[in-house]
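Peer 1: fold the following.
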Amino acid sequence: MPPYGVPNDPADLIRGEGTWEEWNPTEDSIRPVRGKHRVAKQRGGIARSSTVLGVGVIAAVGAGGIATAQDKPAVSISLPDSIADSLPDAKSLPGVGALFSDDSDGDSGVTTGEAVVAATPLTTAGVSTADARQGTTGAGEVLRARILQQADQQQAAADAAAKQAAESAAAERAAADAKDQQDEAKADAAEKERKAKEAAEAKAEAKRLAKLAASYSLPTSSYTLTSTYGQSGSMWSSGQHTGLDFAAPTGTPVKAVHGGTIKSAGWSGSYGYRIVLELDDGTEIWYCHLSSMSVTSGNVGTGDTIGNVGATGNVTGPHLHLEVHTPGGDGVDPASWLRGKGLNV
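Peer 2: Residues are numbered from 1 along each chain as shown. Below you'll find the predicted structure:
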């Protein structure tokens with residue numbers, strides 16, 4: 001029978017059976033015996049007999065590695081071998097065996113005298129070597145640091161994108177401004193070229209007209225224009241005036257406007273005395289209402305006197321009625337034709 005103070009059978013005591021009796025320890029009873037009633041020494045971690053509790057703690061901590069008892073001291077828990085022997089081996093549990101060392105006694109894979117714990121404290125799970133070098137040891141601190149780092153990276157990326165967009169916009173504006181300047185310069189150059197061309201053309205036309213004026217002459221002098229081409233009135237049988245009237249005193253000299261040939265000269269009804277001068281290009285100049293005719297045939301030169309102003313035919317007073325007909329026979333405005341030859345009417 002066991003001494004007083006010791007249960008008859010630990011298993012009966014756990015089941016609520018058995019009694020306690022007095023126990024007087026002796027040298028033999030307290031000598032370490034390999035086997036029953038042995039309490040495994042702890043290595044600052046989890047004992048073999050505390051496997052179940054360790055598994056629960058590990059599952060609570062999870063892969064993130066944030067331990068809620070970071071600053072609390074480790075607690076050693078031992079159970080009688082009668083209970084511990086019925087527990088499954090720690091290395092046989094999925095995901096737990098890797099936490100134990102391979103140093104074993106015999107074939108069991110677990111150190112006989114000491115329990116093996118994970119090399120990394122639970123409070124530092126998830127802390128990388130780089131984090132440790134930077135002085136970061138807590139999992140929560142690591143998470144905070146990584147969130148801040150990610151925020152800094154996102155902000156830096158946003159700042160870089162904004163900077164790139166601003167630089168692109170500035171480059172586009174600069175290119176647009178440069179294009180506008182080029183277009184403006186081209187427009188200015190084109191305008192200057194146009195003006196220069198117009199000035200050159202005007203100068204050439206003036207030179208041409210001056211040359212023509214030297215070869216053309218007004219039909220008379222000391223005159224007053226009284227009726228113009230196309231003017232409407234009942235005095236003309238067609239209802240419109242077909243020439244240009246130079247009112248001047250009777251006898252005022254009438255001149256050839258250009259060199260040509262006298263095509264006809266004589267009386268012509270309502271036109272009175274008329275001379276038809278044909279120019280080299282076929283244009284005909286009609287001189288009407290003459291009081292007299294100095295040349296009735298042959299060639300004449302510019303400015304030669306061919307007759308005199310009169311009032312013959314259908315008239316209301318002395319004047320020279322001048323008409324201009326194209327080679328095709330159509331009548332044109334004498335004033336415009338004379339101006340086209342460089343003469344101011």
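
Peer 1: now stretch 210-228 - C-alpha only, CSV.
Peer 2: Provided in CSV are the C-alpha atoms of stretch 210-228 (Å, rounded to 0.1, in the frame of the first residue of the first chain):
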residue,chain,number,x,y,z
ALA,A,210,3.2,104.0,-119.0
LYS,A,211,4.5,102.4,-122.1
LEU,A,212,1.0,102.1,-123.5
ALA,A,213,0.3,105.7,-122.6
ALA,A,214,3.3,106.7,-124.7
SER,A,215,1.7,104.9,-127.6
TYR,A,216,-1.9,106.0,-126.9
SER,A,217,-3.5,109.4,-126.8
LEU,A,218,-6.8,110.9,-125.7
PRO,A,219,-9.1,111.7,-128.6
THR,A,220,-9.3,115.4,-127.8
SER,A,221,-8.4,118.0,-125.2
SER,A,222,-10.2,120.8,-123.3
TYR,A,223,-13.3,118.7,-123.0
THR,A,224,-16.1,117.9,-120.5
LEU,A,225,-17.7,114.4,-120.2
THR,A,226,-21.5,114.8,-120.6
SER,A,227,-22.9,111.4,-121.3
THR,A,228,-21.4,108.0,-120.3
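
Peer 1: now do the buried residues in it.
Peer 2: Tyr216, Ser217, Leu218, Pro219, Thr220, Tyr223, Ser227 (16 or more other CB atoms under 10 Å). Glycine gets a C-beta too; all of them are placed from N, C-alpha and C.

Peer 1: quick one, longest strand in this protein?
Peer 2: Ordering each strand of the chain by length in residues (DSSP state E) puts strand 284-293 first.

Peer 1: output the contacting helices and strands for that one.
Peer 2: Using 3 or more CB pairs under 8 Å, 6 or more residues apart in numbering; DSSP states H and E as the contact test, the elements touching strand 284-293 are strand 260-267, strand 273-279, strand 305-309, strand 319-325.

Peer 1: mind giving me TSV with the ones you listed and columns for mean pLDDT and mean neighbour count?
Peer 2: Putting those into TSV (pLDDT from 0 to 100; neighbours: other CB atoms under 10 Å) gives the following:
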stretch	mean pLDDT	mean neighbour count
strand 260-267	96	15
strand 273-279	96	21
strand 305-309	97	21
strand 319-325	95	23
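
Peer 1: can I get the ones you listed in a markdown table with distance to Thr242?
Peer 2: Below are these laid out as a markdown table (distance: least, CB to CB, whole Å):
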| stretch | distance to Thr242 |
| --- | --- |
| strand 260-267 | 17 |
| strand 273-279 | 13 |
| strand 305-309 | 19 |
| strand 319-325 | 6 |
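
Peer 1: how about the strands of the chain, start to end?
Peer 2: Under DSSP E, the chain gives strands at 6-7, 20-21, 224-225, 244-247, 253-255, 260-267, 273-279, 284-293, 298-300, 305-309, 319-325, 331-332.

Peer 1: got a pLDDT number for the nearest residue to Asp304 once chain neighbours are set aside?
Peer 2: In space, and not counting its chain neighbours, Asp304 is closest to Ala256: 4.7 Å by CB to CB, 6 or more residues apart in numbering. If you check Ala256, the pLDDT there is 95.

Peer 1: so Ala256 makes contact with Gly301?
Peer 2: Yes. Using CB atoms under 8 Å, Ala256 is in contact with Gly301, at 6.8 Å.

Peer 1: quick one: which of the two has more around it?
Peer 2: Between Ala256 and Gly301, counted using other CB atoms under 10 Å, Ala256 has the larger neighbour count: 25 against 12.

Peer 1: now do the contacts for that one.
Peer 2: Ala256 makes contact with Ser217, Leu277, Ile285, Val300, Gly301, Thr302, Gly303, Asp304, Thr305, Ile306 under the criterion CB atoms under 8 Å, 6 or more residues apart in numbering.
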